[in-house]
Structures are given as structure tokens and as C-alpha cells.
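> Here you go, sequence then predicted model.
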Amino acid sequence: MKVYTFKIYTLHFLVAFWKAILISDESTEDFVADENVVIQLPDYHPFGMGMPGRSCSAESGYRYGFNSQEIETEITGSASHNCAEFWMYDTRIGRRWNLDPVVKFYESPFATFSGNPIKLNDPSGDNATDPSTHVDDEGNVIAKYDDGDDGVYVHKDGTTREMIDQRREGCDEMCSNPNTDGGGTYIGKLGGDIHMDWVGMYSNKLANSTNQTLSKDFTFGDWYENVKKGGDWDLKDNTETIWGVAWSYDKERKDDNGNPIFTRFISQNISFFNAADFGNYHAGFTGSMFGVPVVFQKIGAGLVEELKDITNGDFEDAWRQYTENLWFWERSSLFDNPRDYWYNTKGMADGIFMKKELNLGPGSQIDVVKVK
């Protein structure tokens, strides 16, 4: 039996309610509306207590509910408690029975969802707070702290995790205090706008990557190894960079209508609506700086997109992109996603322009702007 869970968020008289619709599909591996049966339709108070008289269920044996956690009925005879890997908590009062394994000096060890079950999820019961992220002036992550502060802070060159700890008054990884910036410069927040130009992170990242591509011992194989999936320059999946942290953070966030919320990266001349956009721009920019012909970059990006669709089982998308670009000399995106293509080719064009404007060649180096 397959079970699909849908959560509907509504606001009524300034009180938040969750509605979970649980649907079982016993007849097919694919979701087909007219072959499915509703097995549970409960309305919840904010922390997951069922609303009396506002739920219905079929005899299904399904044991899960709010926050996708198992319902415990043996304590009070009703669905008043939820269980997960690291907790059992009382949905009536929003408090856990055991001590939180993550020590937060700013919060009761019996608190759940950091007191905000509408904004935060905590499926395993160990932590529901937003992280503050601390990076260097090229966007490389120095430290992250689950302290309820979703800000992003840039630190001057040479700053270490230990130094940030000291500036945070000696807090450990899960501690919070008024000095969550750790001495860094605030440039935005996860799930919002990150201003890459405020401390030169945008230009520094491109300059550092350019210096790598122009070094005399850098080869086409080095460039490919960096930009391929899982490489250091596959920025959205590289969680050692702010772009990878943001992409991972965004995957867990949706607005009230179920639409994804993306962290935007802003610079003076161009805005990137998510981490993937900057990653595509960066790949095109570095490719042009190294000297990879534009047509090869375009074809390569398109083939990678086709392969990704096929690997993920998205054959419809793969076929659509193939047929739309069959006469590729008439179609510009060459099998690539149009949005990815735009940022990728924009990066190529900017790289070509800068390389010509600054008369760059093998062995050339560009200065970076260090945070003081």
C-alpha cells in the first residue's frame, strides 16, 4: 500500500491549523485520483493536537499524523502524543517528555519546534532552528551554528572556526547568544536575499576561480572535474560553500501555498534567483576564461541536462527537450533548461568580455578584495 500525505495550511481568527489528508493507493504504483481512497482527514491545533469533531478516518491501521510522526495512543487512550527518533512529546501542550539532546542555552530543553510549529519542521525531534552561516570572502563555509539566526556573515581572510567561537563568547555548536555574528559582516539571510557585493564576495569568487583557470598547469580536465556534478564548482551541491548551504536550506522550505522558497543572490549588475543560477553563471564564466569554445559548453550543458532527466526517470522532459531542440542550429538552448541556459551563456559572454578587456592569458592573475 502506498500512502500520500498532503498538508494544507489555513489561517482562521489568527489561529493556525494544519490539515493532513492521507490517501492510500492500493491498486497502482502511480498516483491516480479516481483509484485512491481518503483514509484520514484530521484537522490539527498548532502543535499537532487533533481538533475534536473535525477529523475522520477509515480502518487502515495507518499510525502517523502531524509532522509525519507516529501517533502514540497508549498513554491517554487518545492521539495525544507523537513519537520520533529523539522525542516523545505531548501535542496538547507542545512539550517533550525527555530532555532535548541538542543543548540550547536560550531555550527550555522540553520545548518543541522552538515554539514555532508553523514555520519550523522537526521530523526527527532533534532540532528545528535555523542556522547562522559564517563564510570567508569567497563564500567558503567556515562554521554553521543552529542558533535560530538564519543570517549569513562574512569574515576576514584567515578567520577560523575557533576564532568565531571565541567571539561568540565561547559557545559550542548549538549555543546561542546576542553575539551570533561572531564578529562577521552581515550580508543577508538564508531564505531571503544575500548581497554578494557588500563585501566583495561576488568579485572575489570569480577572481579566485579565474586565477585557477589561468594558472599554467590548469588543464581542460581540471576544469571539467571542477564543474561536473559533485565537483568543487558544482556550487549548488557543494555544501562547503554558501551556495550549497542555501540550496540545501531551500529544499526544505515552502511558502503557504506549497511553492518553494529560494535564497536569492544579489550583485550590483545581476541577480541570481537561486544558488543554481549562480552555479550555471560561474560554470560559463570559468569555461570562457579557460578558453573552452562556447559551442562546446552549450552542447555539453544540454547533454548533461538530458542525462540528468533520463537518470531521474523524467523521460517526458527529456523527450520534450530533445524534440524542441532537434534542429539545434535553429534552437538556441541545445537541450538545456532555458533558465540554466540563460545564466550559463551570460557567464560565458561576461568571461569572454573580461578576458579581452583585461588582456588576460595563461599565467595572468586578478587581484581580490579582502575583507578588513
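Alright, I've got the coordinates.

> Could you use CA atoms for every contact and neighbour count after this?
OK.

> list the buried ones in the helix or strand hosting Ile164?
Assigned by DSSP states H and E, Ile164 falls within helix 161-167. Residues of helix 161-167 classed as buried by neighbour count (16 or more other C-alpha atoms under 10 Å): 164-165.

> Where does Ser209 sit: helix, strand or coil?
Following DSSP: H, G, I helix; E, B strand; the rest coil, the label given to Ser209 is helix.

> Quick check: closest non-adjacent residue to it.
Thr286 (6.7 Å; C-alpha to C-alpha, 6 or more residues apart in numbering).

> One more: Phe272?
Phe265 (5.0 Å).

> And the longest helix seen in the chain, what's buried?
Taking DSSP state H as the assignment, the helix of the chain that covers the most residues is helix 338-357. By 16+ other C-alpha under 10 Å, the buried positions in helix 338-357 come out as 340-352, 355.

> elements contacting that helix?
If you count contacts as 3 or more C-alpha pairs under 8 Å, 6 or more residues apart in numbering; DSSP states H and E, helix 338-357 packs onto helix 275-290, helix 294-311.

> angle of that helix against helix 275-290?
Helix 338-357 and helix 275-290 are oriented at 30 degrees to each other (axes from the mean of the first three to the mean of the last three C-alpha atoms, to 10 degrees).

> for the residue lying closest to Leu214 once chain neighbours are set aside, what are its contacts?
Closest residue to Leu214 apart from its sequence neighbours, by C-alpha to C-alpha, 6+ apart: Pro362 at 4.8 Å. By C-alpha atoms under 8 Å, 6 or more residues apart in numbering, the contact set of Pro362 is 214-216.

> Following element in sequence after the helix holding Ile164, please.
Criterion used, DSSP H and E; the element after helix 161-167 is strand 185-189.

> would you put the C-alpha positions of that following strand in CSV?
The C-alpha trace of strand 185-189 is given here as CSV (Å, rounded to 0.1, in the frame of the first residue of the first chain):
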residue,chain,number,x,y,z
THR,A,185,29.7,41.3,8.5
TYR,A,186,26.0,40.6,7.9
ILE,A,187,25.2,40.2,4.1
GLY,A,188,21.7,38.7,4.2
LYS,A,189,19.9,35.6,5.3
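
> Excluding sequence neighbours, find me the nearest residue to Ala207.
Nearest non-adjacent residue to Ala207, counting by C-alpha to C-alpha, 6+ apart: Ile366, 5.8 Å away.
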